[in-house]
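S.K.: Take this sequence and fold it.
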Amino acid sequence: MTNSISSNVVPLANPSSELLTNWYAEQVIKGTIIASKKVILAAKRHINDLKRQGDDDFPWAFDSEKGHRPIRFMEKFCRPSKGDFDQLILQPWQHFIIGSLYGWIHKDTDIRRFREGLIFVGRKNGKSTMISGLSNYAVSKDGENGANIYLLANSKQQASIIFDEAKAMVKKSPQLRRHYTPLRFEIKHNKSFSSIEARASDSEKLDGLNTHLGVFDEIHEFKDYKLINVIKKSRGSRKQPLIIYITTAGYQLDGPLVKYYEDAGDVLDGATKDERTFYYIAELDSEEEFEKPETWVKANPNMGVSLNLETLKEDWEKDKRTPDERRDFITKQFNIFVNASKTPFIEYDVLKRNNKFTGIEQVKNIPAVGGYDLSDTEDFTSACLTFPIIETGEVFVMSHSWVPKKKVLEENEKINYYELQDQGYLTIVDTEYIREEVVFDWFVEQSNHFNIELITYDRAKAFRLNKELEEYGFDTEEVRQGFLTLGPALDDLKHLFIDGKVIFNNNPLMRWYINNVELVSDRNNNKMPKKSNRYRKIDGFAAFLNTHTQIMEKLVVTQGSGDIGVISMSDLMGR
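M.R.: Below you'll find the predicted structure:
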């Protein structure tokens with residue numbers, strides 16, 4: 001922590017501290033400060049909102065004094081416990097975050113505009129120090145008695161990191177020691193009956209909370225919304241509660257962070273409206289920037305302060321040669337989501353390309369291929385219909401799954417079963433296992449709306465159901481579960497994903513299945529899918545892959561000569 005502006009900043013003026021929030025946004029937009037695309041959008045949002053302050057339909061106003069109060073407090077009283085620092089000096093990007101969270105207020109009530117904030121930055125950028133200081137401010141200076149501050153994480157150990165830093169700041173500051181009482185598991189501000197506590201998903205007791213400020217540290221580790229929902233519900237009696245999620249990217253591609261990250265993109269792009277959530281998303285914008293160190297400041301705004309570029313360059317040159325270390329560096333320093341699987345089917349950024357939606361009416365007249373994957377125990381069962389869209393070379397998959405209630409109660413997968421059921425992607429059944437009749441009935445129902453020309457299946461466990469489907473009048477085709485059959489279909493499907501040509505209408509359960517797929521190879525480099533661990537299911541993807549052994553023969557491609565041809569199974573298998 002120094003008193004100089006971060007090395008990625010080229011000052012055009014000498015702005016006062018109270019104006020650094022606006023100044024930072026202006027310099028980001030001008031390109032004087034190198035920033036990610038989403039940070040640029042956040043800066044534009046701030047400046048555009050400043051211009052809207054006089055509009056009748058815009059109830060918010062920016063008060064730079066209110067925005068600067070917590071910054072002034074932190075720099076005056078909070079001393080970092082690590083390193084040889086006598087004073088905490090916040091950098092312009094931190095002024096932008098804190099100034100925005102505390103400076104935007106309602107014109108009539110003075111209540112803070114933002115109820116939540118997502119702060120997404122690379123590792124070692126001083127986020128724990130910043131939030132520890134902010135917690136010490138909120139517990140005593142936020143104008144509210146009984147201000148309960150909760151420092152939250154997936155585990156008690158992680159939650160204690162920010163708490164321990166906040167407590168160390170108190171012990172290191174003579175002024176704070178006079179007013180705060182640091183205990184083993186709590187920091188008390190007796191005058192306002194307020195306190196700071198560390199809580200976690202594994203805490204024994206989570207009810208009865210009354211949240212003024214809740215800080216979630218490293219939310220990328222969260223698999224579900226359990227603790228988040230507890231905190232959100234606990235703020236009802238507060239005048240202006242604030243929840244901050246502060247994190248790097250991670251490997252949990254189906255948890256709350258990915259949902260909030262995608263929401264950030266939609267809000268900052270203007271696709272959806274959310275006036276009450278603040279976003280600061282510092283990340284590299286593309287893989288091309290991996291070898292451009294001058295761009296790394298996009299994910300690491302504290303470059304030159306808590307991070308040294310030359311050291312990072314040395315680390316990258318070493319780590320990129322080892323797959324596991326390369327993935328960790330990309331995730332934590334470039335701040336890009338990466339599939340933790342050693343051999344993932346596709347990466348997160350590839351899956352994001354496949355975000356198109358299509359209506360049922362658009363595929364109603366396209367002959368579909370069905371597929372199903374039956375569970376052998378009290379587990380998931382999935383079925384799907386896949387439609388080849390010949391004109392564009394795309395495929396549309398409509399998937400449904402079933403799961404016994406007993407499995408839902410076990411909660412091993414940490415997914416929101418009931419929400420998926422409400423959305424129509426999943427059916428929770430009361431039986432101990434999934435009876436074949438439900439899959440049979442699903443195909444019969446779909447045949448009333450679509451032309452199902454074939455149903456593919458894995459013969460293991462499928463003899464009775466397949467017989468019933470044939471007797472009803474469906475044509476069926478066995479798909480051998482081997483490298484030579486599934487390998488070509490897997491490769492072709494991966495190419496479709498890379499080209500953004502798989503449409504699944506952002507079915508969250510299908511996305512979960514896809515993210516769970518690892519690849520195994522035989523000695524000829526033919527590939528097969530497998531699940532990454534016992535709780536990461538791939539049933540819906542397995543059913544989809546079965547259909548693609550037939551679908552890929554129907555897709556037309558433009559050859560180099562400009563002719564239109566069909567890729568056959570024989571061609572793909574090299575026969």
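
S.K.: list the helices and strands the helix or strand that contains residue 327 packs on?
M.R.: Assessed by DSSP states H and E, residue 327 sits inside helix 323-332. The elements that helix 323-332 packs onto, with contact taken as 3 or more CB pairs under 8 Å, 6 or more residues apart in numbering; DSSP states H and E, are helix 309-319. Heads up, the C-betas are built off the backbone N, CA and C, glycines and all.

S.K.: Show me where the protein dips below the pLDDT cut-off.
M.R.: For the chain, the stretches flagged by pLDDT under 70 are 1-18, 83-85, 202-207, 342, 376-377, 532-535, 556-575.

S.K.: Which strand runs longest in it?
M.R.: Counting residues, the longest strand found in the chain (DSSP state E) is strand 394-404.

S.K.: What's the first helix or strand after it?
M.R.: helix 405-410.

S.K.: List the buried residues for the helix or strand following that following helix?
M.R.: Note on helix 405-410: by DSSP H and E, the next helix or strand toward the C-terminus is helix 417-422. Within helix 417-422, the residues scored as buried using 16 or more other CB atoms under 10 Å are 417, 420, 421.

S.K.: Go ahead and confirm residue 43 touches residue 22.
M.R.: No. Contact criterion CB atoms under 8 Å: residue 43 and residue 22 do not qualify, at 9.7 Å.

S.K.: elements contacting the longest strand of the chain?
M.R.: Under the contact rule (3+ CB pairs under 8 Å, 6+ apart), strand 394-404 is packed against strand 381-389, strand 426-429, helix 436-447, strand 502-503, helix 508-515, helix 539-551.

S.K.: circling back: wait, which of the buried residues of helix 417-422 is closest to residue 505?
M.R.: residue 420 (13.6 Å; CB to CB).

S.K.: Switch the buried residues of helix 417-422 over to JSON lines; also include distance to residue 198.
M.R.: As requested, the buried residues of helix 417-422 are exported to JSON lines (distance: CB to CB, whole Å):
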{"residue": "417", "distance to residue 198": "30"}
{"residue": "420", "distance to residue 198": "32"}
{"residue": "421", "distance to residue 198": "34"}
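
S.K.: At the geometric centre of this structure, which residue do we find?
M.R.: By CA atoms, centre = their mean, the chain has its centre lying nearest to residue 258, at 1.1 Å.

S.K.: hang on, the earlier thing: can you list the strands that the longest strand of the chain pairs with?
M.R.: Sheet pairing for strand 394-404, assigned by DSSP bridges, gives strand 381-389 (antiparallel), strand 426-429 (parallel), strand 502-503 (parallel).

S.K.: circling back to that earlier point, and the helix holding residue 327, what's buried?
M.R.: 326, 327, 328, 329, 330, 331, 332.

S.K.: Spatially, what comes nearest to the last one if we skip its sequence neighbours?
M.R.: With CB to CB, 6 or more residues apart in numbering as the criterion, residue 332 has its nearest non-adjacent residue at 4.2 Å, and that residue is residue 123.

S.K.: For my notes, confirm the one you found occurs in a strand.
M.R.: No. In this structure, residue 123 is coil, not part of a strand, as judged by DSSP: H, G, I helix; E, B strand; the rest coil.

S.K.: Just give me the neighbour total for it.
M.R.: 18 (other CB atoms under 10 Å).

S.K.: could the strands paired with strand 394-404 go into a markdown table alongside distance to residue 442 and mean neighbour count?
M.R.: Formatted as a markdown table, the strands paired with strand 394-404 follow (distance: least, CB to CB, whole Å; neighbours: other CB atoms under 10 Å):
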| stretch | distance to residue 442 | mean neighbour count |
| --- | --- | --- |
| strand 381-389 | 6 | 26 |
| strand 426-429 | 9 | 18 |
| strand 502-503 | 20 | 24 |
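
S.K.: Same list, these, but as a markdown table with distance to residue 36 please.
M.R.: Converted to a markdown table, the strands paired with strand 394-404 look like this (distance: least, CB to CB, whole Å):
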| stretch | distance to residue 36 |
| --- | --- |
| strand 381-389 | 34 |
| strand 426-429 | 35 |
| strand 502-503 | 27 |
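
S.K.: Can you say which of the ones you listed is nearest to residue 295?
M.R.: Using CB to CB, the nearest of the strands paired with strand 394-404 to residue 295 is strand 502-503, at 29.9 Å.

S.K.: Run the chain-centre distance for the closest one.
M.R.: 20 Å (CA atoms, centre = their mean, to the nearest Å).

S.K.: what do you get for stretch 283-291?
M.R.: 18 Å.

S.K.: now stretch 182-189
M.R.: 33 Å.

S.K.: what's in contact with it?
M.R.: 136, 139-140, 147, 163, 166-167, 170-171, 179-181, 194-198 (CB atoms under 8 Å, 6 or more residues apart in numbering).

S.K.: re earlier: looking at the buried residues of helix 417-422, spot the one nearest residue 287.
M.R.: Distances from residue 287 to those, taken by CB to CB, are shortest for residue 420, at 31.8 Å.
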